[in-house]
Structures are given as C-alpha cells and as structure tokens.
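Asker: Sequence and predicted structure, then a few things I'm wondering about:
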Amino acid sequence: MIRRALKLRKYLDRVLFEYGREWKEENTTSRGTLKSGKKLPRVLLDEGKLTDNDWIALERLEKILQHYETVVKTLEGDGQVRRRRHGYEGSYGNIWDVILGMEKILEMLETEKREADTFPEPEQFRIGVNLAWEKLEKYYKSQ
C-alpha cells in the first residue's frame, strides 16, 4: 500500500487539489465565507494532509519493509533443489536460511538506527526501529 501511494503521489495530490477546489466552489458564498451548516471535509483539513516530511517517512518505511519482503519471499519454498534462472541450482525455504534472514534484518535495523538523525522526526522513527529490533531479537534468541 505504501509503495502504491508513493508511486501515485502526484496523482493523489492532484485529486485532493481538484476536490478541494470543487468543494469550495460549491460550498462558499460570493463573499468567500462557508455556507451555513457546512464544514470542511476531514480530507481537506491541514492536519489530515500528508506533508513533505510524511512522504519522506513513507519512503523510508517502504525501504525498510522491502527488506522484510525480500527475506520472507526468500524463505518461501519447500527446500527442494531446482534449476533457477541463469543455470543456478538452489532451493528456497531451508531452515538454515531463517537465521541468515534474521541477521540481515537485524543489520538493516542497526543501520537505520544509526541514520535516524537524518529522518524528519528522528525520535519517533528511532522508537519504531527499536521496537522492531527488540521483537526480532526476541525470536532470534529463542532459536
């Protein structure tokens, strides 16, 4: 969903702009005030809009979640050796790959923690990364 929103960002911005323009035309008087009983829809309120920092945060989160997706897709399989692309023979879903996948994600989370200061809201981001790291470490240690 995040990936899709990032891909369609300019179109989403355009739809909201057009909707806001049309809504204001229909619901304002000739003096520029709102007609009685009309309230601005939530989607048009400033606190409901995504800021540039929000979009940056979504891009960063998509990058992090891409690592999880890669690991999960790599672990999907039945462990059977098969011919892969470019003549490679290998298997996916082997139990020993789980530890390697966890290590890859833990390393990525460590990197993200170190780079948190470059994030628009570093403290909030750091909390999220720390919680993800703690949860993964719990499973890693129970292996």
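Answerer: Right, received. Where do you want to start? Residues are numbered from 1 along each chain as shown.
Asker: what comes into contact with stretch 107-121?
Answerer: The contact list for stretch 107-121, computed with CB atoms under 8 Å, 6 or more residues apart in numbering, reads 53, 56-57, 60, 64, 67, 122, 125-126, 129-130, 132-133, 136. No exception for glycine: its C-beta is placed from N, CA and C like everyone else's.
Asker: end-to-end on it?
Answerer: 22 Å (CA to CA, to the nearest Å).
Asker: Beyond the worst-scoring helix or strand of the chain on mean pLDDT, next helix or strand please.
Answerer: When the helices and strands of the chain are scored by mean pLDDT, DSSP states H and E, strand 89-90 comes last with a mean of 77. Sequence-wise, the next helix or strand downstream of strand 89-90 (DSSP states H and E) is helix 96-114.
Asker: Give me the buried positions along that next one.
Answerer: D97, V98, G101, M102, K104, I105, M108, L109, E112 (16 or more other CB atoms under 10 Å).
Asker: just stretch 18-28 next, same as before
Answerer: Taking 16+ other CB under 10 Å as the criterion, stretch 18-28 shows none as buried.
Asker: tell me the mean pLDDT over it?
Answerer: Stretch 18-28 shows a mean pLDDT of 91.
Asker: pull the CA atoms of it into CSV?
Answerer: Extracted in CSV, the C-alpha atoms of stretch 18-28 (Å, rounded to 0.1, in the frame of the first residue of the first chain):
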residue,chain,number,x,y,z
GLU,A,18,-9.3,19.3,-7.5
TYR,A,19,-11.6,18.0,-4.9
GLY,A,20,-10.8,21.0,-2.6
ARG,A,21,-11.3,23.4,-5.4
GLU,A,22,-14.7,21.9,-6.4
TRP,A,23,-15.9,21.7,-2.8
LYS,A,24,-15.0,25.3,-2.1
GLU,A,25,-16.9,26.4,-5.3
GLU,A,26,-20.0,24.5,-4.2
ASN,A,27,-19.9,25.5,-0.5
THR,A,28,-18.8,29.1,-0.3
